[in-house]
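S.K.: predicted model, plus sequence, below.
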Amino acid sequence: MIKAVIFDLDGTAIPNKKAGMPSQRLIKTVAKAQSKAKVSIATGRALSNVRHILKALKITSPSIIAGGTQIINPQTEETLWKKELSAEQTKAIIDICMPYSYEIWISDNAKALSKREDIIIQPEQVIYLMAVSKEDTKIIMQKLEKISDIVAHEIKSWTPDHIDIHITHIEATKKHALIELLKLEQIAKKDVMAVGDGNNDLPLFEIAGFKVAMGNAMDKLKKNADYITDSVDDDGLAKVIEEKLSL
């Protein structure tokens, strides 16, 4: 029995573009689903960039944001759990990213950082390196591997043929946040359905009892899925929720 549904946003609940919003079908499906199960999101987006989507979907259950570094009450925006990078880790990451020309976003800052003097080195939840070329992604990922106790995920960028890199503490992935979320909700792993499209959703799959990949998902995620639904453009998330919850 599915008692909780948790899903990614970009490429899963909404089209993978800057102004992406959930379809009317998904909004209606989530409303029905919330009477039968806990429904939560698990997104790489920080609060300032997810607030309007939470409002559109009318999510009431605790949800995972900022790449797995934070759990919030979506109605009050209260932080229920958080895990940060240390100041030392933050500095090491910035030292690797800064020589490149890509935008750097830190935690929930409302602007991209471009100069070293813009950055106050302190503990941070997540660092985003935006729209990186595939060639530079390989180089940067190799450099990041040398920093202890962090994890970097490659995410499909809004910029075609580019990658966004999300960097968090190694104990602040969607997996770790989902473990904490299930404690809060007192739900067993076997009763969770997780839906995603990117490799940063693999940590969710480690915990969920039923794993669903979108039709537009990355190949590695599809290989680890129990079920593949339709693409985000064909309302695959709404369809699988309706089917598995008998809505």
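M.R.: All right, it came through fine. Numbers count the residues shown, from 1 in each chain.

S.K.: how near is the residue most central in space within the chain to I53?
M.R.: The chain has T43 as the residue nearest its centroid, 2.5 Å off, counting by C-alpha atoms, centre = their mean. To I53, T43 is 8 Å away according to C-beta to C-beta, to the nearest Å. Where C-beta positions appear, they are placed from N, C-alpha and C, glycine not excepted.

S.K.: wait, doesn't the residue nearest to the centre of the chain sit right on I65?
M.R.: Yes: contact status for T43 versus I65: in contact at 5.6 Å, counting by C-beta atoms under 8 Å.

S.K.: identify the contacts common to those two.
M.R.: Counting by C-beta atoms under 8 Å, 6 or more residues apart in numbering, the contacts common to T43 and I65 are V50.

S.K.: how about stretch 199-208: buried residues?
M.R.: The neighbour-count check on stretch 199-208 (16 or more other C-beta atoms under 10 Å) flags 199-208 as buried.

S.K.: with just CA atoms, put that stretch into CSV.
M.R.: The C-alpha trace of stretch 199-208 is given here as CSV (Å, rounded to 0.1, in the frame of the first residue of the first chain):
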residue,chain,number,x,y,z
ASN,A,199,20.4,11.2,-11.5
ASN,A,200,20.0,13.3,-8.4
ASP,A,201,16.8,11.3,-7.8
LEU,A,202,18.8,8.1,-7.4
PRO,A,203,19.2,8.8,-3.7
LEU,A,204,15.4,8.8,-3.4
PHE,A,205,15.3,5.4,-5.1
GLU,A,206,17.5,4.0,-2.4
ILE,A,207,14.8,4.6,0.2
ALA,A,208,11.5,4.3,-1.7
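
S.K.: which residues sit against it?
M.R.: 6, 8, 12, 42, 44, 67-68, 153-155, 166, 173-176, 178-179, 182, 189, 192-194, 196, 211, 217-218, 220-221, 224-225.

S.K.: how long is stretch 97-109 from one end to the other?
M.R.: This stretch, stretch 97-109, spans 17 Å end to end (C-alpha to C-alpha, to the nearest Å).

S.K.: where's A92 relative to S101, distance?
M.R.: From A92 over to S101 (counting by C-beta to C-beta), the distance is 20 Å.

S.K.: ok, the two, which is more surrounded?
M.R.: It is A92, of A92 and S101, that has more neighbours when counted by other C-beta atoms under 10 Å, with 18 against 8.

S.K.: distance of the more buried one from A208?
M.R.: Distance of A92 to A208, given as C-beta to C-beta: 32 Å.

S.K.: repeat for G236
M.R.: Remark: distance between G236 and A208 (C-beta to C-beta) = 17 Å.

S.K.: what's next to stretch 95-108, contact-wise?
M.R.: With C-beta under 8 Å, 6+ apart, stretch 95-108 has contacts from 46-48, 66, 90, 94, 112-114, 116, 119, 124-132, 136, 140, 143-144, 147.

S.K.: are any of those residues buried, and which?
M.R.: Applying 16+ other C-beta under 10 Å to these, the neighbour count classes 46-47, 66, 90, 94, 113, 119, 124-130, 132, 136, 140, 144, 147 as buried.

S.K.: out of those residues, list just those in helices.
M.R.: 90, 94, 136, 140, 144 (DSSP state H).

S.K.: show me which pair in those is furthest apart.
M.R.: T90 and D136 (20.5 Å; C-beta to C-beta).

S.K.: list the buried residues for the strand or helix carrying R25?
M.R.: Assigned by DSSP states H and E, R25 belongs to helix 24-33. For helix 24-33, the neighbour count (16+ other C-beta under 10 Å) marks 26, 29-30, 33 as buried.
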